[in-house]
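Trainee: just the structure for this:
(chains A and B)
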Amino acid sequence: MEIIEAKGLSKVFVLKDGKQVTALGGIDLSVPEGQLTALVGPDGAGKTTLMRLVCGLMTKTDGSLQVAGLDVTQRPQAVQDLLSYMPQKFGLYEDLTVQENLDLYADLHGVTQDTRQQRFRHLLEMTELAPFTERLAGKLSGGMKQKLGLACTLVRSPRLLLLDEPTVGVDPLSRRELWQILQQLVREERLSVLVSTAYMEEAARCEKVYVLNHGHFLKGGTPAKLREVAAGMCYKVTPPEGMPLRSLQSRLLAEKSVIDAVPSGGVVRFITRGNPVELKPLARLSLTAEAIEPRLEDGFMTLLKEDVQEQGGPAVQTAAASSGQMGTFSERSRVAAPVEIEVHDLVRRFGDFTAVSHTSFSVHRGEVFGLLGPNGAGKTTTFRMLCGLLPATSGKISVAGVNLRTARIEARAKVGYVAQKFSLYSSLSVYENLRFFGGAYGLYGAHLYARIQAVLREFHLQDVADHAAGSLPGGYKQRLSMAAALIHKPEILFLDEPTSGIDPLARRTFWQKITALSERGTTIIITTHFMEEAEYCDRFMIQDHGRMLVLGSPEEIRQRMRLPDATMDDIFVAIVEQARSEAEKDSKAKGAVS
Amino acid sequence: MTSGFWRRLLALMRKETRELLRDNSSLALGVVLPLVLILIIGYGMSLDVKQVPTAVVLEDSSPFARQAVHFTQGSEYFAPVFVSSLADGEAMMRRHEVDAMLVVPSDFSARFAEGRAELQVILNGTEATTAMSAQGYFEAGILTWAAGEGARRGAHAGGIAIESRIWFNDANTSTWFYVPGILMLVLTISGVFLTSVVMAREWERGTFESLFVTPMKILELVLSKTIPYFVIAMLGMVLCLIVGRVLYDLPMRGSLALILGESMLYLIVALTIGLVISALTKNQFLACHVSLMISFLPSVVLSGFLFDLHAEPAAIRVVSSLIPTTYYLELMKSLFLSGNYWPLIARDTAILLGFALFFLGWAFHMTRKKVEP
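Mentor: Numbering: from 1, shown residues only, chains lettered A, B, ... in the order given. Here you go, the predicted model:
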């Protein structure tokens, strides 16, 4: 029995200027009852549009769509009565408490008082929100908000549950807990779930996975079937001593026959259609690759890559990486390089809320340093203090040898900054933006002109130099932001969440660029909520609730935690659990004393 | 089915009221702001002009003529200086010693007997506001005298043709004139601003997307949004009414029931305009600006609140006639300062009802359980 059945379903948006955008171009979907089905695909693939069509919040342009045998267009209310939907930005009322939010949705769904008590107890227990029922929803952490959102959609037992990216930016521990809840629900209540996600390890937990790109399904089937796509093409290779993983990864990615390469757990994993022995970077370094089993992500990347090539889109890797542009990786230990940024006992409070608590670290020249953590961990606050955009409550920061408290202007001339949101002028052209930012950094005349040409070339923006910045697609905007930040050749580059909201292929190109910059000696500080991106960093720090949990290189941290093969998500979970159990021991010890 | 309606409506209203009480800005906008406005306008912004320096030119110095301009003496509105020639008066005007001249021509007494007397009022146009107020005072003073004189003589007093527009505001206190306007402002701000912003906030925060897939109906949503703000706005309006009565002895010549009833009707118009704006913009910032531009500013500038509509060019009067506020204000002024004038009440009520139905229909047409961009 299929709970959702779509045939040739399409959705076309007509923009104000009369242009038409095809969000979904005739897809066939069948979601089985009583199972978990995942929808994966890059941002802008049409996942949210599909979800909204299924729950009747949008009207289809063409095709047929039935939920439990009911036509969604004709009977939207009947369909809505049997499903629950958790949008990406779940609508919690932040001025209402946890209990009041639950009550509101229970009242709207007409849940009777006696079933309600039992249901609430069950939901609160499952989400571990029971101690916080009187707290305002706005004062919950990101993970708790997601869990409350899920609880609100589950105040009654729906037949179908739709979840739109329920775990984006949520910490790995909460993400795991959320998935345990989902699997429990499917087991206990035979719930049918359609969930969209950007995390492949989550999709791998589902019975069926659909891969969506540019409004079309590339493939649908069991995770095993999708893994098969990359079967016999996956390898791993260990770089020589002293070579950063990202340098080898970047070189592999520049090869035509390589579909994908990522640093992972001390090795570089890559997918190639050819024979790995023929790969130049491996031959030059006389490395041998070892064949490995494909993961779901490998299948996904292979499908995406094939689609891009079929569509005649730009061949992504070649963009950044004619290897002539790359510098050489330095073999000396980065820790021996001079210290570029020194942070000592940094604290930032907003009222009685401590956003960053007693944080100390240093960054060496030419290092790629990552600030990792879930949304709300204090990354952006730390970052803004480093850039001199926000004064610290206490503590010392020096950037490029300049004390930020006394000489912010001098320090700023040495840094470039890429903000999380696109913060260039949308109505100015690419060229005008660059000229403006060059001028703002004090460049002029022939030198300014030369620098503009150089960054246009470096970031492949020559063709769009006359286009208004606001009209460019996401990947171009991000490259333009980088170009503007690098126009004055800063020694240090700050990047705030540069990889959120861009598709996986563009993320690879982005890291290639970062690798090239670091090989030329630029110091790079980067924040991200993708834990696995720690693998690209020389050293990184994980923050949570304003506290620094851990600091070191990926390898060091794996050794320290005695988890040699663990993913970064596993490490985060292990660290948080360890910190919690220590806190518990402490409080018990205190209890014993008093 | 009906029990579901009430249950959901109550749940939504409970939620709305909690949000409203926890977010102090709505209460401030709905209750505190009106009180501040009424106090400022009552005590600070009174447009009354007092002690206008005036040259009274007595070319006719007969006792009869002196009697005609006697009203300028002993009045708090004038500070008169008596001169006997036009030239002296003009000189004083040039030196800015006086802002106004009241000229009694040499043949005033004779012509008054014939019923065609003329008095000349000359005002300093550089002080437009003072001049306009002073003109009003002169006209009122002269007319009062002429009426009295005519009655005494038993003759027709048409000899002095001066039209005064300030009929019902006996004491000529501008505060009285403005209180109905403030009531109008309170209802407009609470109605249009609060509703459009709270609806837009839900679009912006994505909370509608979650609400729309519940069994909730659009009618329930619209009612739950309007009822709490209706209460807040009426609270603010009643407070203003009490303050106006206690502090400024605002007369209430018409019935209180009519005043409240018409206010509720106007409030419904304002709330539905707010709903339409929010459904069109779906963005708090935009909703705020659109409310300001299409409801608040016209209410202040074009409704007759600040400027007398009779003095406006025809084109502006056409625009004014398209704004519901104009009719409400006309009603309120009439109800407060003159009394229950039924033809006007019937006409304006019908017009306001028409506006309410129009915007209500539009609001329902625009607000759908869909999230199409």
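Trainee: touching, residue A:57 and residue B:368? I think so.
Mentor: No. Counting by CB atoms under 8 Å, residue A:57 sits too far from residue B:368 to count as a contact (9.7 Å). (Each C-beta comes from the backbone N, C-alpha and C, glycine too.)
Trainee: tell me the SS of residue A:8?
Mentor: What DSSP: H, G, I helix; E, B strand; the rest coil gives for residue A:8 is strand.
Trainee: contacting residues for it?
Mentor: Neighbouring residues of residue A:8 by CB atoms under 8 Å, 6 or more residues apart in numbering or on different chains: A:26-28, A:62-64.
Trainee: and of the residues you listed, the nearest to residue B:200?
Mentor: Nearest to residue B:200 among these is residue A:62, at 31.9 Å by CB to CB.
Trainee: quick check: bridge partners of the closest one?
Mentor: Taking DSSP bridges as the rule, residue A:62 bridges to residue A:10.
Trainee: distance of it from residue A:196?
Mentor: Residue A:62 sits 22 Å away from residue A:196, going by CB to CB, to the nearest Å.
Trainee: equivalent analysis for residue B:368, please.
Mentor: Distance from residue B:368 to residue A:196, counting by CB to CB: 24 Å.
Trainee: now tell me which helix or strand of the chain has the poorest mean pLDDT.
Mentor: By default, I'm working from chain A. helix A:316-320 (a mean of 42; mean pLDDT, DSSP states H and E).
Trainee: try again with chain B
Mentor: That would be, for chain B by mean pLDDT, DSSP H and E, helix B:128-153 at a mean of 73.
Trainee: can you give me the strands for chain B?
Mentor: B:52-58, B:78-83, B:100-104, B:120-123 (DSSP state E).
Trainee: how about those in a markdown table, adding mean pLDDT?
Mentor: Below are the strands of chain B laid out as a markdown table (pLDDT from 0 to 100):
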| stretch | mean pLDDT |
| --- | --- |
| strand B:52-58 | 84 |
| strand B:78-83 | 86 |
| strand B:100-104 | 83 |
| strand B:120-123 | 78 |
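Trainee: what residues of the longest helix anywhere in chain A count as buried?
Mentor: What stands out as the longest helix in chain A, according to DSSP state H, is helix A:568-593. Across helix A:568-593, burial judged by 16 or more other CB atoms under 10 Å in any protein chain shown covers A:568-576.
Trainee: can you check stretch A:502-519 too?
Mentor: A:502-519.
Trainee: got the confidence number for residue 329?
Mentor: With no chain named, the answer covers chain A. Predicted confidence (pLDDT) for residue A:329: 52.
Trainee: other chain: chain B
Mentor: Looking at residue B:329, the pLDDT reads 89.
Trainee: who's in contact with it?
Mentor: Listed by CB under 8 Å, 6+ apart, the contact set of residue B:329 reads B:180-181, B:184, B:303-305.
Trainee: rewinding a little: okay if I get the strands of chain B as TSV plus mean neighbour count and distance to residue A:41?
Mentor: Below are these laid out as TSV (neighbours: other CB atoms under 10 Å in any protein chain shown; distance: least, CB to CB, whole Å):
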stretch	mean neighbour count	distance to residue A:41
strand B:52-58	23	78
strand B:78-83	18	83
strand B:100-104	23	80
strand B:120-123	17	77
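Trainee: what residues of the host helix or strand of residue A:431 count as buried?
Mentor: Counting by DSSP states H and E, the element that carries residue A:431 is helix A:430-440. Buried residues in helix A:430-440, counted by 16+ other CB under 10 Å: A:430-435, A:437-438.
Trainee: same check on stretch A:392-412?
Mentor: A:392, A:395, A:397-400, A:402, A:404, A:411-412.
Trainee: can you pull out the helices in the stretch 1-150 of chain A?
Mentor: Taking DSSP state H, counting those that start in this stretch as the test, the helices found in the stretch 1-150 of chain A are A:47-54, A:76-82, A:98-109, A:113-127, A:142-153.
Trainee: nearest to residue A:216, of these?
Mentor: Ranking these by proximity to residue A:216 (CB to CB) places helix A:47-54 first, at 11.4 Å.
Trainee: nearest spatial neighbour of the residue in the stretch 101-250 of chain A positioned nearest to chain B, chain-adjacent residues omitted?
Mentor: Nearest residue of the stretch 101-250 of chain A to chain B (CB to the nearest CB) works out as residue A:107 at 3.2 Å. Leaving aside its sequence neighbours, residue A:107 sits nearest to residue B:11 (CB to CB, 6 or more residues apart in numbering or on different chains; 3.2 Å).
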